[in-house]
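K.L.:
Sequence first, then the predicted structure, then my questions.
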Amino acid sequence: MDKRMRMIEGLDDEEAQPLPVRSVGVIDTDPKGNSFQTDLDSWLFRRRVVRLYVDVNEMSMADLQAKLQYLEAAAIAAGKPEDPIHLYINSPGGSVIQALSAYDTISGLTCPVYTYCNGYAASAGSLLFMAGDEGHRYILPNAKVMLHELSGGTRGKLTAMNQDNILSNHLEENLENIYAHHTGRPVREIRSWLRNGDRWLTAADAVAHNLADHIVDKNRANGPMKGLTKQVRLEPTVKRTATRRVKAGSKEVTGGKIALPAPDHLPKPGSTPENNGPELG
């Protein structure tokens, strides 16, 4: 990113370099049933799972948008434009301009995009999390969403600083309108959120403020990655609380939460060779 643009957005002079991660090898199967070794990210990508676990910057957003556009084209070519993309987010945020670029890409895709907040979606990361299709923005129970106003600064000639301030104000208004659109809250309320310091929201708060749609309980095997059964608590007839399971995709049960969609992005148990165990590369 241009050094002046980084200054306007209040970013560090140097891009944060991700730590090297050891690749994990797994066994996959091609359409003809032939087994081959690949890495874990590729295995997930073939199942339309994309992860954003880094800062929002030029490189990460270019990579993200390329993956999204490829998966859209692949779905159209396969005659399945309705196949969703599953975007997992655990990001501290970063460049608002780069986040808006990815936001526009997500908004323009023909296939649905389901977003999942695991860890936290902060600052520009919350913008991408909110970009998921309505009704399909999932947050894990201990995850957090953080909102705040645009950070930045400027220096140099007076005319240049004036232009920088105009850009900052435009970005701020842009963000307020986007948050208002997705949450259904008036812009003045969104402005009070953003201009009152870092606003950290729990999973329950995020759902209450319409920044997320569902809380996923990964410990009860009703999350998108775990077969998606749902725990519904019933009124106890004795001292202990009774529970029952409802299959994913079922209608809402009185007193329960909305059921999550069936996880068609992951293969059914026993249908893939990874049951033989992953191989460390």
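P.N.:
Everything's here; your move.
K.L.:
use CA for all of it now, contacts and neighbours both
P.N.:
Noted.
K.L.:
quick one: least confident helix or strand in this protein?
P.N.:
Lowest by mean pLDDT, DSSP states H and E among the helices and strands of the chain is strand 229-233, with a mean of 31.
K.L.:
Wait, Glu58 touches Leu100, no?
P.N.:
No - Glu58 is beyond contact range of Leu100, at 11.3 Å (criterion: C-alpha atoms under 8 Å).
K.L.:
Under the pLDDT cut-off, which ranges of this structure? List them.
P.N.:
1-23, 152-153, 218-281 (pLDDT under 70).
K.L.:
If you count residues, where's the longest strand of it?
P.N.:
If you go by DSSP state E, the chain has its longest strand at strand 113-122.
K.L.:
Now tell me what touches the following helix or strand past it from outside.
P.N.:
Tracing the chain past strand 113-122, the next element assigned as helix or strand by DSSP states H and E is helix 124-130. Outside helix 124-130, the residues that touch it by C-alpha atoms under 8 Å, 6 or more residues apart in numbering are 56, 89-96, 99-100, 102-103, 115-117, 121, 137, 145-147, 179, 182, 211-212.
K.L.:
make it 7 Å
P.N.:
56, 89, 91-96, 99, 103, 115, 117, 121, 137, 145-146, 182, 211-212 (C-alpha atoms under 7 Å, 6 or more residues apart in numbering).
K.L.:
likewise stretch 81-97?
P.N.:
9, 48-57, 75, 110-125, 129.
K.L.:
From start to finish, how long is that stretch in a straight line?
P.N.:
Its start and end residues considered, stretch 81-97 measures 28 Å (C-alpha to C-alpha, to the nearest Å).
K.L.:
which other helices and strands contact the longest strand of the chain?
P.N.:
strand 85-91, helix 124-130, strand 137-139, strand 144-147 (3 or more C-alpha pairs under 7 Å, 6 or more residues apart in numbering; DSSP states H and E).
K.L.:
at 6 Å what do you get?
P.N.:
Contacts defined by 3 or more C-alpha pairs under 6 Å, 6 or more residues apart in numbering; DSSP states H and E place strand 113-122 against strand 85-91, strand 137-139, strand 144-147.
K.L.:
Reformat the ones you listed as TSV; add distance to Ser42.
P.N.:
Converted to TSV, the helices and strands packed on strand 113-122 look like this (distance: least, C-alpha to C-alpha, whole Å):
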stretch	distance to Ser42
strand 85-91	14
strand 137-139	23
strand 144-147	28
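K.L.:
what are the ranges of the helices in the stretch 1-150 of the chain?
P.N.:
Secondary structure of the stretch 1-150 of the chain (DSSP state H, counting those that start in this stretch): helices located at 3-8, 40-46, 58-77, 96-108, 124-130.
K.L.:
Just name the most buried of the ones you listed.
P.N.:
Comparing these by mean neighbour count (mean count of other C-alpha atoms under 10 Å), helix 124-130 ranks first with a mean of 26.
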